[in-house]
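Participant: Build me a model:
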Amino acid sequence: MRGRYGAKKPEHDDGIGIVSSSDLLIFSAAYYISIGMPREEYWHGDLFAAYDYLEAEKIRQHRKNQEMMLQGVYVYRAIGAYAAWLGTPLGVKNGNRPKPEPYDTELIPLTEEDAKKLEERQEADRLEKTRQYFSGGGG
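Facilitator: Numbering: from 1, shown residues only. Model prediction:
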């Protein structure tokens, strides 16, 4: 098969996997252009710029993966808050159907600084509840 510039598509039928550098450049161009590298820079720019674009793409993919995982965690928590309520029959009489748990609106900490702030806030809440309990205001 011939590419856009008449170069033969790299094939690895020989078992060695040797491809000419010009063929490799031609068939890699579309990928680098798709990740944001300008065509002019790809063909006439610094060779190490392509490496920078490739590393930036790896970082973007990793970040996207983390965002999707975090979104899954939030969905899991939201469903978990309603799990007991969803698991009961709809026609429960006498109002015995359990109430859904309140959804945890606390953000999931992504950095050590966020985790430390969350831990400090939770500790302050525990101390406040303890103070209220022993002062006769709760329990």
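Participant: starting at the chain centroid, how far to the worst-scoring helix or strand of the chain on mean pLDDT?
Facilitator: Here the helix or strand of the chain ranked lowest by mean pLDDT, DSSP states H and E is helix 83-86, holding a mean of 73. Helix 83-86 sits 27 Å away from the centroid of its parent chain (C-alpha atoms, centre = their mean, to the nearest Å).
Participant: can I get the CA coordinates of it in PDB?
Facilitator: Output of helix 83-86 as PDB, limited to C-alpha atoms (Å, rounded to 0.1, in the frame of the first residue of the first chain):
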ATOM      1  CA  ALA A  83     -28.700   1.700  47.500                       C
ATOM      2  CA  ALA A  84     -30.800   0.800  50.500                       C
ATOM      3  CA  TRP A  85     -33.700   2.900  49.100                       C
ATOM      4  CA  LEU A  86     -33.500   1.400  45.600                       C
END
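Participant: Give me the contacts around it.
Facilitator: 79, 97-101 (C-beta atoms under 8 Å, 6 or more residues apart in numbering). For the C-beta atoms, the positions are set from N, CA and C on the backbone; glycine is no exception.
Participant: Could you pick out which of these are located in strands?
Facilitator: Using DSSP state E, no member of these sits in strands.
Participant: and those residues, which two are the farthest apart?
Facilitator: The most widely separated members of these are 79 and 97, with 17.4 Å between them, by C-beta to C-beta.
Participant: Neighbour count for these two, which is higher?
Facilitator: Neighbours around residue 79 and residue 97, counted as other C-beta atoms under 10 Å, are more numerous at residue 97. The numbers are 14 against 10.
Participant: pLDDT below threshold where in the protein?
Facilitator: The chain contains residues with pLDDT under 70 at 1-18, 87-97, 137-139.
Participant: So the closest residue to residue 77 other than its chain neighbours, which state does it fall into?
Facilitator: Nearest residue to residue 77, sequence neighbours excluded (C-beta to C-beta, 6 or more residues apart in numbering): residue 104, at 5.8 Å. Under DSSP: H, G, I helix; E, B strand; the rest coil, residue 104 falls in the coil class.
Participant: Could you report the distance from residue 104 to residue 81?
Facilitator: 7 Å (C-beta to C-beta, to the nearest Å).
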